[in-house]
Every structure is written in C-alpha cells, then in structure tokens.
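Colleague: How does the following fold in three dimensions:
(2 chains)
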Amino acid sequence: MNPFGLPWLELCLVVPLIGAAYVGFVDDALQRSRWCLGFAGATLACTLMTCAGYYAGHSPAIAAWWPWDWADRTILAVDTVSAPLLPLVALLHLLTALATARTKMGRFSFAGLLVGAAVRLAAFACVAPWPLIGLLALDAVLPYFEIRRRGRPARLYAIHAGLFVVLLGAGWACVDAAAEVGSVLMLAAVLVRTGAVPAHVWVTDLFEKLPFGSALLVVTPLAGVYAAVRLVLPVAPEWTLEAFGILALGTAAYAAGRGVVEHDARRFFAYLFVSHASLVLVGLGLHTPIAVTGALVMWMSSAVSLTGLGLTLRAIEARVGSLSLKDFRGLYSQSPALAICFLLTGLAAVGFPGTSGFVAAELLLDEAVGSHEAVGLVVVLTAAVNGIGVVRAYLMLFTGCRHVTGVALWITPRERVAVLTLVALILGGGLFPQTYLETRHSAARAVLRERHDKLKQVEDARNP
Amino acid sequence: MLDAERLMTILGCLVVAAPALLVAVLGVPPLLGWRLSEPATVRAVRVAIMAGLLSCFTVLVVMPFAGDRSAVVDLGEWVALRPPGMDHAHYHFAIAFEFDLLSAALALLSFLLCGTIGTFAARYLHKESGFNRFFVLLALFLLGMVTATLADTIETLFFGWELVGLSSALLVTFFHERPAPSRNALQVWIAYRIADAALLLAAVVLHDMVGAGDFDRILGTDPWPYGRSILTEGQATAVGFLLLIAAAGKSALIPFSGWLPRAMEGPTPSSAVFYGALSVHLGAFLLLRINPLIAASVWLAAAVVGLGILTAVYAYLVGAVQTDIKSVLSFASLAQVGLIVAEIGAGHWISALWYVAFVHLLGHACLRTLQFLRAPTLLQDYRGLENAIGDKLPRPPGLLQFAPATAQAWLYRFALERGYLDALLTDYVARPFVQLFGWCGRVERWWAATLNGETQEAAAVPAPGPASESTGPQS
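Modeller: Okay, the predicted model is just below:
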C-alpha cells in the first residue's frame, strides 16, 4: 500500500473545517480545547504526509472542480515553495492551541483557529492567481469579524484589509495589459499586508484589539510574503522591485527603532514582526538566488521564532495581565523557563548565531552588501537595534526587581511542550541548517526561473 | 595507529566540543524543568574544562613535533549553496579552527582562567539562587572564547564573539532583584551590539572582496605574525576600521569605555574573568589576529596607536578618582588594554611589538584575574590594618597632584565625569533617538485613533506634541 496514495492535501483542508464545525458545538471550554488539539494535530499529520509525499516524488494536487474556464487548471498544489510551509502553518496553529492557558480558554475561539488554519493552508497551497487572491482576501477578512465580535472598533483594520484586497485584485486584473501598473498595485498590496510604513498601524492595532493568540496567527505565517512570491515576483519589472526593496528597508529600520523605545509588550512584538517581515521583503526585492533564498529562510525562521516569542509573551500575559516595558517586572525567579524561552526565541528572531535566523540574516546581508554598501549597513543596523529591543524587553520583564505573588507562575506542561518544540526547531535549524537551506534554495531558483520565463514571454510579445 | 594530523583533528574537535557539551549539560535540564545539584554542576564544569584544557595543551605540544607552527582543524562546509550540476558554491560558510601560537595560547588561557574561576565561584556562590545560571553562562562564555580565539574564518569568529557578548551582558544582570544591574546590562549589550554590527559588516565586506571569510585567504598562509594580506591598502583600511570599531566596543576603548565600570555589577568571579582577563582582551586579540591588515595600512596602524594611547590616558585619569575597588581595577585594566592596543598598532613599524603585545596580554590577564579575586579579602585586610594602626592607610600621591593648579580642578572634574563620554552619548545619540521615535509613536497612535473613529481620550492617546515630551526606555 502506498501511504502517499491517500488525498492528504484534501484532508489538510477538510479536517480543520470538520473540526471547526464540531468544536463550535462543544460547550465546555476545556473539552473544546482538547478537541481542537486533536483536529489541529490531525491537520499537522496530514500536512506532514503531504510534504513527505512531495519529497518522495508524489505531487499532490487538487484540480478545480467547477466546470467553466478553470476546468483545465490546477488550483491547489504542493510545490517546492509550499511543501515545507504547509506543516509549518499547521504546527503554528497546533502550538497556539496547545499553549492557550486554561484561564483564557473560555474566551479564545478554537473554532476560529481551525477555520483560520484551513483558510491559510488553502492559501499557502494555492497556485492559481484568482483563487489565491480570494483566499488571501478571506484570510484578511476573518480577523475583522473577530474584532467586531469583541466589540472593538474595526474601521482601521477594515480600511487596510480592504485596501490590500482591492490593490491585489486590481493589480492582477491589469497585469497582463499593463505589467508595470499591475505590479506596482500588487506590490503596494503586499506592502500593506506586511505592514510597511505607514500601513503598519493595522498590525499594532490588531495586537491591541484581538487576543494575542489570534493576532499571532494572523501575522506570523506572513501571508503577504506568499502573495509576493506567487503573484508579484514572477511579473514585476526590475525597477518596481528595487523601489519595493527600498520601502521595505525603510520600514524594517523604522520598526526596529520604534520597537526599541516602545513601552507596551504587545506593540513591541508587533514592531518586531513588522521589521522582520520587511527584511524578508528586502530579500525578495533584491531578487538574486541567494537573496531570495535568504528571504525564504528568514520567512520560515521568523515564523517559528516570532511565534515562540509571541507564545511566551502570551503565557506571561495570562499570568500577570497586560505587560508594560516601562517598569521592571522581575519575573525570572517566578518563571525561569519562560524567561529562557523568551530569550532564546527573541534572539533567534534577530538572527543570533546558533539559531535558525542566523544563516538567513547572513545570506540576506551578503547580498545586501553586494547590491549596495548602504543597504548592507541599514540591514546590519536594523538587526542590531532589534537585538537591543529583544534584550531590553527581556530585562524589563524578567529582571530588575523581585516579583512577589501568592500564585504560582511556573510554566505549565502544555506551554512547555509548545515552546520547547519551537526552541528545538530554532536550535535544530540553527545548528544543522543545510537541509532546509537546500530546499529553500531550490524554491528560490524555481521562483526566479518562473520570473525569467514570464519576463521573456512579455519581452517576446513586445518585440515579436 | 593515529598519525599526527588525525590526532590533532580529534584533539582540536575536543577542545571546542568540551565547552559545547558543557553548555548542553548545564543548559538543557533547566529548560526541561530539571534542577542540577550544585555538586553535579561543579563536577560537570571540572570534567569539561579539564578535557578541553588537556586537549588544547596536547595540541600545543604535538604541533612542533608534527613540524608545523600551526594546525588547521577543518570541519568542512557548514552551509553550501550550489546550483545543480555545479561544483562552485553560490554561497558557502566553512567552519575551521586554527591552532597557532596566538590562538592556542589564548584558548589555553581561557580554559585555565575559567577553570580557576569555576573553582572559586563554586564556594563564592554556594547556595546562591543563581548558582546554576552562573555556570551555564560561564560555559557559554568559555565556548564563545574558545570559538572566537581558534576561529579560522571570520564567520566562526563572529559566532564566538556573539556568545561572549551575550553571556557577558547576562552576567552583569546576575543579581536580578535590583534595577541597577539590569540597566547596566542593557548599556553593556548596546555597546556590544554596535561592536557586533561592525564585525558582521566587516565579515560580509570581506566575503564580498575576497569571496570567502577564511583567514588564510585574507591574511595569508604564513604563521602568525608573518602573514601578508592579499587586500590592497585601501581595502585593508576600510575593513580594518570596521574591525577597529568592533574591537573598540568589545575592549571598551574610547568612545565605548563607559560600559566597563557598569559591568562590575556582576558577581566578582565574572568580573574577574570577563572584564579583568578575557572578554576585555578579545578586541585586542582581534587586532592581533588581523595584524597583516595593520601591516598593510599605515592609516589603520596610526588609528590603532592613537586609540590605544587615548584610551590608556583616559583610563588612568578616570581610574585615579574611583572610590570602589572594582571600578579602580576595571580602569586599571582598561589602561593596560589601551597600551596593548597601542603596541599592536605600533607593530606596523616594529613587528616585534606584536610579540610584546601578545605577552603583555597574557600576563595582564593572569595578573588582573588574581587582583579581582583577591579584592574582597584585600579590603578586609586593609580594614584590619587600619584598625590596628588607628588611622587611615597612607595613599601614594597620584600624577594628578602634579598638574598645574588651574588644570587640576578641570582634570578632577573630567575624571569624575568619566570623560563626559556617557553624557555625550546620552545627550547626542540616545536621547535624540528616543525622542524621535517616541514622537513617531505618538503620531501613530493619533493616526490609528483617527482611522478608528475613536476619540483620543477613548483610545488613551496623547496628541502628537513636541518631541521633547517623549519618554524613553528605562536605561
């Protein structure tokens, strides 16, 4: 029996949707959490089988089932770009569910988490442009309803989500007729979605309006980067990518500077995310094989390390309430394991040697310096300032005073498993990076090959 | 039968593996929620350091018998990205360690001093709540020192360099219950990050110029200190200045000197090994390692000499007015580091001075460790002497007293204010930075509130005002 013969990719989407439907009917919060974990675990298993199937030589794909002009096109497929992303996205959802504190289970939407997982997995496996735009739009719209459900103002989010969808749709609609205009619109959409200045306010706002876990899952998979890789990079002319890279570089530096002076822990995290998402875009903007490899590696390592950092912050918040970075909290003596996890994941996010972010930062920097010394200098300074921000946050939260409490603040077994899994990935990827680096290198070459072919077609069409 | 080369490779790997294993043995159990007992921690430290020390010593002894003045332990390519069907890598990152007179001696000294400090700290920190944490950070520091000193590629050096910086900053904040160590640790970390950024930039620029970060390609294959750089004078000057910034940050040379006395907030054993002996010399070691660049560029050499002398004079003046023993020792240490750096720069004209600087570094590290460890009991002895004679002990007059009367007051003020370095960096770098980004933050909040249709009171947003209203991080 061929284990890869089963429709694993279809199951990746169906399992979480069934799970969401079922979990929605469970009344008890703890039971909901357990069922959610079961379905999220099953989804992870399906994505792992899909990924293994791809590397074993099977190419799972779902063709369009509707009859009209899409009939001959594959909509969902696993390729070199998406193969490792699917298990990663599923893992992030599973660990977020796992690390949800019992005190927060009543308010956390486990059904929403599973629906979000299905939508994001579908988006990250989608290779057809219009369905991808539709799925990314759905992914952008879901948080709007959650903000509304919580009775918080959602206009800012709605404006930015709407802007993203309109720009992306309009860009793709006119890319065949006017490649430059279409590319500019789509690049603008990507910049809005990843939080480029001044559109980054939606990210900080989201972290203030949504539960930390939900906000984390909206941003850390970096759906905007996926849009850039699938839709924009293959067709964007040279100068638009350069302008895109410069804007992203400015955002990365600005967000690093804002993060290091920020007093609110959630907003600090949001700035750290924006800075890293922008650094990924800088790599894409340079569009050389090494730079794109660096960007793809940083995409995955940032997703893992920032999720770990976010889950640690969320675990601390669940114990002591909202976190200010203005005064010392001295939590180390109460929860040393959380302190170590915070430091490890934070340092991994800023590319500390020995962690998965290091090689990504090195690759990116190497190409940045090659393109222009000033670009390299800004990338280095951004990384340095982000590093200062992470250690400052660590010192503010965990040191400086003795935190006295009558309640035990130790890490729970579920949180420990969640954070240690991410730490293992961070250290494993940092100490033995070659294998996953090769997969990202091959993905980068595939993306650039596609770009080369499409630009050649355009050139041939202009000069028959 | 093992031949000499294979023996060297095995021993060389053991030199690096011993502290790495120690980090794993001491660092993983707390993550899993297990607690190592004090005796088990001390035993692990002793075994690992002895293993590393003996291996390093054996390499030093075997090397001349193998007929070499240096031995390279090449662990191959850690990362290599090749397009299919091509031998040439798009990008590669090799891990190699070189044992020569310079690196092996400093690695040996690192094991020796960390072993001594480990034994001292086992009693000094007995029953301290951070006992295990201290030894984890000491192990991390040892791994960083050994990796940085033995590195044969600039990327490997960067790896060790960062570990030294992180462990150093975390040990400054060892006493978690007080805010001052945390604030000082942040300042140390900021200085280190600037140094790290310069080193990383230098590494990437070298990669760009030479196509690799291997020292033997950049600095020549001749044994230290006779290597010849393949870079042109302009290239050597550019890269050399970046490395000089890195060295200045790590060794607390001007203008980064302000962090050194702040780092004394850590426990005495860590002050001894970090700021008296090893960490503070790492910048000087880097300059010794890149001596072919100094030989190739007269501008770089002059800058190194100038910076070294300035730092030595500064440290002497400031050290003369310090009132606590650890600060006095830290500035005395800095004065010597300044002299060592000046000797390294002067090696451009008289190459024998590189040997002088090297011996000076080793001797100073040992002496200063002893002084730091002796400091607490020395104060006790002084107190006993003063009680016995019924008066304060006489102090020898310092050089400041020989200055003209008009200059004396200014010099005292200069020394008490630590050369105004902290004030300058705070007023002209840190504060404008914090004010600018604080103002941006307020504009953002106002903009977000406007888009959300919230009143500023509801969103708790202050209206964007002048930049001077901003408040900065606690530091």
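
Colleague: what about the longest helix in chain B?
Modeller: Using DSSP state H, we find that the single longest helix of chain B is helix B:352-389.

Colleague: how far does that one sit from the chain's center?
Modeller: Averaging C-alpha positions (Cα atoms, centre = their mean, to the nearest Å) puts helix B:352-389 20 Å from its chain's average.

Colleague: Could you do stretch B:235-253 as well?
Modeller: For stretch B:235-253, the distance to the chain centre is 13 Å (Cα atoms, centre = their mean).

Colleague: what does stretch A:350-364 give?
Modeller: 17 Å.

Colleague: any residue of that stretch up close to chain B?
Modeller: Yes - contact of stretch A:350-364 with chain B (Cβ under 8 Å from any Cβ of the partner chain) involves A:352, A:353, A:354, A:359, A:362, A:363. Placement of C-beta: from N, CA and C, glycine included.

Colleague: what about burial for those residues, which qualify?
Modeller: A:352, A:353, A:354, A:359, A:362, A:363 (16 or more other Cβ atoms under 10 Å in any protein chain shown).

Colleague: What about those, which are in helices?
Modeller: Using DSSP H, these in helices are A:359, A:362, A:363.

Colleague: Out of those, which comes closest to residue B:251?
Modeller: residue A:362 (24.6 Å; Cβ to Cβ).

Colleague: With residue A:351 as the reference, measure out to the closest one.
Modeller: 8 Å (Cβ to Cβ, to the nearest Å).

Colleague: about what we covered before: please convert the residues of stretch A:350-364 next to chain B to a markdown table, extending it with distance to residue B:363 and pLDDT.
Modeller: Formatted as a markdown table, the residues of stretch A:350-364 next to chain B follow (distance: Cβ to Cβ, whole Å; pLDDT from 0 to 100):
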| residue | distance to residue B:363 | pLDDT |
| --- | --- | --- |
| A:352 | 33 | 91 |
| A:353 | 31 | 89 |
| A:354 | 33 | 88 |
| A:359 | 39 | 89 |
| A:362 | 37 | 88 |
| A:363 | 42 | 89 |
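
Colleague: Using TSV, please lay out those residues together with distance to residue A:60.
Modeller: Compiled in TSV, the residues of stretch A:350-364 next to chain B are given as follows (distance: Cβ to Cβ, whole Å):
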residue	distance to residue A:60
A:352	36
A:353	37
A:354	35
A:359	29
A:362	33
A:363	29
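
Colleague: can I get the ones in helices among the buried ones among the residues of stretch A:350-364 next to chain B in TSV with distance to residue A:184?
Modeller: Converted to TSV, these look like this (distance: Cβ to Cβ, whole Å):
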residue	distance to residue A:184
A:359	32
A:362	31
A:363	27
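
Colleague: near chain A, which residues of the stretch 201-350 of chain B?
Modeller: B:201, B:204, B:205, B:207, B:208.

Colleague: list the contacts for the last one?
Modeller: It refers to residue B:208. A:366, A:369, A:370 (Cβ atoms under 8 Å, 6 or more residues apart in numbering or on different chains).

Colleague: The third one too?
Modeller: Going by Cβ under 8 Å, 6+ apart, residue B:205 touches A:369, A:373, A:376, B:238, B:239, B:242.

Colleague: let's see 6 Å
Modeller: Neighbour list for residue B:205: residue B:239 [criterion: Cβ atoms under 6 Å, 6 or more residues apart in numbering or on different chains].

Colleague: C-terminal to the least confident helix or strand in chain A by mean pLDDT, which secondary structure element comes first?
Modeller: Lowest by mean pLDDT, DSSP states H and E among the helices and strands of chain A is strand A:61-63, with a mean of 69. Following strand A:61-63 in sequence order, the next helix or strand is strand A:74-77 (DSSP states H and E).

Colleague: looking at chain B, which helix or strand is least sure?
Modeller: helix B:215-219 (a mean of 79).

Colleague: same for that one, what does it pack against?
Modeller: helix B:179-210 (3 or more Cβ pairs under 6 Å, 6 or more residues apart in numbering or on different chains; DSSP states H and E).

Colleague: do that again at 10 Å, thanks
Modeller: When contacts are defined as 3 or more Cβ pairs under 10 Å, 6 or more residues apart in numbering or on different chains; DSSP states H and E, helix B:215-219 packs onto strand B:70-81, strand B:91-100, helix B:154-172, helix B:179-210, helix B:233-250, helix B:291-296.

Colleague: Is it possible to get TSV of the contacts of residue B:208 that adds secondary structure?
Modeller: What follows is the contacts of residue B:208, written out as TSV (DSSP: H, G, I helix; E, B strand; the rest coil):
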residue	secondary structure
A:366	helix
A:369	helix
A:370	helix
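
Colleague: check the residues you listed against chain B, which are close?
Modeller: A:366, A:369, A:370 (Cβ under 10 Å from any Cβ of the partner chain).

Colleague: which one of those sits closest to chain B?
Modeller: Comparing the ones next to chain B among the contacts of residue B:208 against chain B with Cβ to the nearest Cβ places residue A:369 closest, at 4.6 Å.

Colleague: Could you tell me which residues make contact with the closest one?
Modeller: Residues near residue A:369 by Cβ atoms under 10 Å, 6 or more residues apart in numbering or on different chains: A:375, A:376, A:377, A:379, A:380, B:200, B:201, B:203, B:204, B:205, B:207, B:208.

Colleague: The second one - how many residues pack around it?
Modeller: Other residues lying near residue A:376 total 22 when counted by other Cβ atoms under 10 Å in any protein chain shown.

Colleague: pretty sure it is touching residue A:364, no?
Modeller: Yes - under the criterion of Cβ atoms under 10 Å, residue A:376 makes contact with residue A:364 at 9.4 Å.

Colleague: any shared contact partners between those two?
Modeller: Shared contacts of residue A:376 and residue A:364, counting by Cβ under 10 Å, 6+ apart, come down to residue B:204.

Colleague: Point out where chain B drops to low pLDDT.
Modeller: B:1-2, B:85-89, B:456-475 (pLDDT under 70).

Colleague: Pull up the residues of the stretch 1-150 of chain B that are close to chain A.
Modeller: B:20, B:23, B:27-28, B:30-33, B:35, B:77-84, B:90-91, B:93, B:129-130, B:132-133, B:136, B:143-144, B:147.

Colleague: mind redoing it with 8 Å?
Modeller: B:30-33, B:78-81, B:83, B:90-91, B:93, B:129.

Colleague: By neighbour count, sort out the buried ones in these.
Modeller: B:30, B:31, B:78, B:79, B:80, B:81, B:90, B:91, B:93.

Colleague: Grab the two from those residues that are most spread out in space.
Modeller: Farthest apart among these - using Cβ to Cβ - are B:30 and B:90, which lie 39.6 Å from each other.

Colleague: Residue A:221: what secondary structure?
Modeller: From three-state DSSP, the assignment for residue A:221 is coil.

Colleague: Just give me the neighbour total for it.
Modeller: 25.

Colleague: close enough to count as contact, it and residue A:117?
Modeller: No - the criterion here is Cβ atoms under 8 Å, and residue A:221 misses it with residue A:117 at 9.8 Å.

Colleague: shared neighbours of the two, anything?
Modeller: With Cβ under 8 Å, 6+ apart as the test, residue A:221 and residue A:117 both reach residue A:89.
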